Every structure is written in C-alpha cells, then in structure tokens.
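# pasting a predicted model and its sequence here:
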Amino acid sequence: MQEAHDVALIDYRLGSHSGLDLLQAARLAGNLPPAIILNDVCKRFDSTQAIKNLNAQIYPGQLTGLVGPDGAGKTTLMNILYGLYKPDEGKILVRGQEVEIHGPNDAIARGIGMVHQD
C-alpha cells in the first residue's frame, strides 16, 4: 500500500488593512469557533492512501492555503469538502455540527466553495 505524503495547511493571517481585525481578535480570545473541523479524515483509492488521519481547523476570517507535492492529497481533500468524494473515515464538522456533504450544492449551502484548478 502506498503511503500518504505530507500536506500542510498554511494559515495566512490577514493584516490590519483587511478590516478583519475584530474577527482575529475574537478568535484569538477564544470567542470565535472554527468554521470547519476535520478529525482523522482518511481517503483511500484501492491500494493508495490519498489522505491519512488529517486533522485541521479552519477559522472564519482567515485564508488557508493547502500546500504539498503532487499526489499529496490536496485535490482529494478539496473534493471531500466539496462533496465530490466521501471520506472513508473521520469526521467533518461545519459550524460545530458533524456533517456529511452530499455534493456541491450541499457544500455551497454550508458556505463551502471551491475554485477548480482546470
């Protein structure tokens, strides 16, 4: 079985010029919960482990970049969040509620969008 590569979620904090300082301050003070939580998310394709035990929190008011080498699972993760794939294991929470995302319309209704690279 092939092993999953490392993928990094990069948190770009927006500066004071962005007008989002209150959101950042609230989050840092613990008053703003994560918008999306991924707990031990896994996805396999036959013998290839595309994502293995991914844990992440994405907060409102932050830009999050997904960085990794080809084959690291970046597109797979986005396809899971956008409802195109279902995780084999793990949980996805949106605004504190555990959810199953059943397709792009469901993702959009939950405030999740995706810009395809093609």
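Alright, I've got the coordinates.
# so the residue nearest to Lys74 when sequence neighbours are not counted versus Ser47, what's the distance?
Spatial nearest neighbour of Lys74, chain neighbours left out: Leu66 (4.8 Å); criterion: CB to CB, 6 or more residues apart in numbering. Every residue, glycine included, has its C-beta placed from N, CA and C. According to CB to CB, to the nearest Å, Leu66 stands 24 Å off from Ser47.
# compare these two (neighbour count), which wins?
It is Leu66, of Leu66 and Ser47, that has more neighbours when counted by other CB atoms under 10 Å, with 15 against 7.
# who touches the residue nearest to Leu81 when sequence neighbours are not counted in this structure?
When the adjacent residues along the chain are set aside, Leu81 lies closest to Ile112, with 5.6 Å between them (CB to CB, 6+ apart). Each residue near Ile112 by CB atoms under 8 Å, 6 or more residues apart in numbering is listed here: Ile36, Leu81, Tyr82, Val94, Ile101.
# many thanks, I have nothing further to ask.
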